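>>> no sequence on hand, only this structure:
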């Protein structure tokens with residue numbers, strides 16, 4: 001009876017009941033307010049993680065593994081990672097059930113709703129080694145953030161919306177009034193599907209490796225992905241190009257398309273005859289490469305020649321006016337009596353002189369002997385001493401001995417007692433004639449004392465002459 005009276009005493013006290021109620025409400029509010037930060041007095045597994053961009057991830061956002069909440073984000077702060085780059089460092093408070101998190105785990109910032117709320121998705125790895133409490137998940141473990149709904153809608157900017165509107169208008173105009181044609185196309189498509197079944201069966205055969213084609217296409221797409229902006233600029237340029245084509249589509253491009261089948265037929269018929277020309281052209285340009293390379297070096301000289309040739313070209317009308325009378329005079333000369341006979345005699349003379357000229361001409365064109373002869377004669381006629389010029393007064397003291405040059409001789413000078421009294425005479429020296437290997441022997445013979453030499457010298461001072469034309 002006493003207990004009942006005590007309870008009734010407490011219940012009968014409004015102040016005490018109100019105080020207990022307020023205390024319960026305060027505890028409930030406190031627990032509700034801190035629910036996102038975890039329950040008090042509960043042990044947690046604390047880690048840090050770095051991501052390139054937190055992007056609206058804030059304190060109190062959830063951390064999930066497999067879609068299940070395993071902790072919260074306690075703090076988000078920016079940090080410098082070197083080279084002028086920054087990242088976001090997250091302080092994570094995880095349940096002890098997630099410990100230890102494998103070191104090859106990955107993290108991704110994902111949207112929780114279309115309103116912009118985010119959460120951190122953790123994908124555990126397979127490593128047997130795990131992160132210890134307080135360690136940091138490196139930034140390389142952060143995967144790129146998925147595209148948010150707002151980012152998706154951002155691509156529909158004003159230029160894109162205008163282009164879509166123009167596309168819809170263009171497609172509408174293209175389909176307007178073409179109902180019968182579309183019905184006929186749909187009917188033909190059904191027949192095409194029926195007749196293409198054998199082809200499709202062949203395509204899906206394991207031997208065709210059709211799946212490999214798609215894998216290769218995927219690899220190709222991955223290869224061209226880095227140049228996506230370049231490809232986009234290409235399509236922009238193509239838009240301008242096709243816009244230019246649109247202005248000449250009719251009648252020019254239309255007529256070109258209409259005449260193309262006949263042109264291709266003619267080309268197919270003519271290609272066998274053109275192939276030799278193309279091969280010769282290829283060889284010609286291959287042989288032309290050294291000349292083109294040399295042309296680049298000589299282009300300044302050619303430019304100067306062209307500048308110098310302009311006055312000549314300006315004067316060419318005067319020359320052209322004189323060409324016709326000159327040609328007429330040549331024709332009259334050709335028709336004159338005796339001209340043909342004279343030309344034939346001149347031809348015979350040249351034919352008879354050709355062997356001699358072939359042998360003699362190199363003595364001048366190669367060895368310069370004729371020029372040297374006339375220049376030396378001129379010098380001898382103009383130079384001398386107090387007694388007179390060399391042609392009028394020559395002092396010569398030949399060596400003495402048997403058959404010396406100072407008296408009559410019965411044989412070539414060949415004196416064993418006098419080394420200087422020996423005849424050296426070369427009546428037919430080599431003068432670069434055919435078969436003489438371009439040697440200019442005359443004037444280059446070396447005098448051999450104590451020995452008589454008649455004919456080509458056994459030893460030469462040299463094989464060229466002064467003023468010789470170099471080959």
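Now that the structure is in, tell me what you want to look at. Nothing here was measured: the structure is a model prediction, and the numbers come from that model.

>>> for residue 405, give its distance to residue 412.
Residue 405 sits 10 Å away from residue 412, going by CB to CB, to the nearest Å. No exception for glycine: its C-beta is placed from N, CA and C like everyone else's.

>>> can you check which residues contact both of these two?
Each of residue 423 lies in contact with both residue 405 and residue 412 under the rule CB atoms under 8 Å, 6 or more residues apart in numbering.

>>> and residue 111, how far is that from residue 117?
Taking CB to CB as the criterion, residue 111 is separated from residue 117 by 7 Å.

>>> which one of these two is surrounded by more residues?
Neighbour comparison, residue 111 and residue 117: the larger count goes to residue 111, with 19 against 13 (by other CB atoms under 10 Å).

>>> and that one, what are its phi and psi?
Geometry field for residue 111 lists phi and psi as phi -80, psi 140, criterion degrees, to the nearest 10.

>>> now swap in residue 281 and tell me
Its backbone dihedrals place residue 281 at phi -60, psi -40, with angles given as degrees, to the nearest 10.

>>> for the closest residue to residue 364 other than its chain neighbours, what is the enclosing helix or strand?
Leaving aside its sequence neighbours, residue 364 sits nearest to residue 370 (CB to CB, 6 or more residues apart in numbering; 4.3 Å). Under the criterion of DSSP states H and E, residue 370 resides in helix 369-382.

>>> test my guess that residue 58 contacts residue 73.
Yes - between residue 58 and residue 73 there is a contact under CB atoms under 8 Å: 7.3 Å.

>>> higher neighbour count, those two?
Residue environment comparison for residue 58 versus residue 73 gives the larger neighbour count to residue 73, 22 against 11, counting by other CB under 10 Å.

>>> packing partners of the helix or strand hosting that one?
When elements are assigned from DSSP H and E, residue 73 belongs to strand 68-82. Counting contacts by 3 or more CB pairs under 8 Å, 6 or more residues apart in numbering; DSSP states H and E, the secondary-structure elements packed against strand 68-82 are strand 44-51, strand 62-65, strand 85-95.

>>> how about JSON lines for these, with distance to residue 214 added?
Output for those, formatted as JSON lines (distance: least, CB to CB, whole Å):
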{"stretch": "strand 44-51", "distance to residue 214": "34"}
{"stretch": "strand 62-65", "distance to residue 214": "34"}
{"stretch": "strand 85-95", "distance to residue 214": "37"}
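
>>> can you list those strands in CSV and add mean neighbour count, mean pLDDT and distance to residue 105?
Formatted as CSV, the helices and strands packed on strand 68-82 follow (neighbours: other CB atoms under 10 Å; pLDDT from 0 to 100; distance: least, CB to CB, whole Å):
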stretch, mean neighbour count, mean pLDDT, distance to residue 105
strand 44-51, 20, 85, 10
strand 62-65, 19, 87, 9
strand 85-95, 18, 85, 12
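
>>> nearest to residue 357, of these?
Each of the helices and strands packed on strand 68-82 has some distance to residue 357 by CB to CB; the shortest is strand 85-95, at 87.6 Å.

>>> helices and strands of this protein: which one bottoms out on pLDDT?
The element with the least model confidence among the helices and strands of the chain, by mean pLDDT, DSSP states H and E, is helix 2-11, at a mean of 52.

>>> from residue 252, how far out is the nearest residue to residue 253 once chain neighbours are set aside?
For residue 253, ignoring the flanking residues on the chain, the nearest one in space by CB to CB, 6+ apart is residue 245 at 6.5 Å. Shown here: residue 245 relative to residue 252, a distance of 9 Å by CB to CB.

>>> now swap in residue 60 and tell me
69 Å.

>>> and what of residue 181?
With the distance defined as CB to CB, residue 181 ends up 26 Å from residue 252.

>>> for residue 318, same thing?
From residue 318 over to residue 252 (counting by CB to CB), the distance is 46 Å.

>>> quick one, which of these two is more surrounded?
Here residue 318 and residue 252 are set side by side on neighbour count (other CB under 10 Å), and the busier one is residue 252, at 11 against 8.

>>> what backbone torsions are found at that one?
Here the main-chain torsion angles of residue 252 (degrees, to the nearest 10) amount to phi -70, psi -60.
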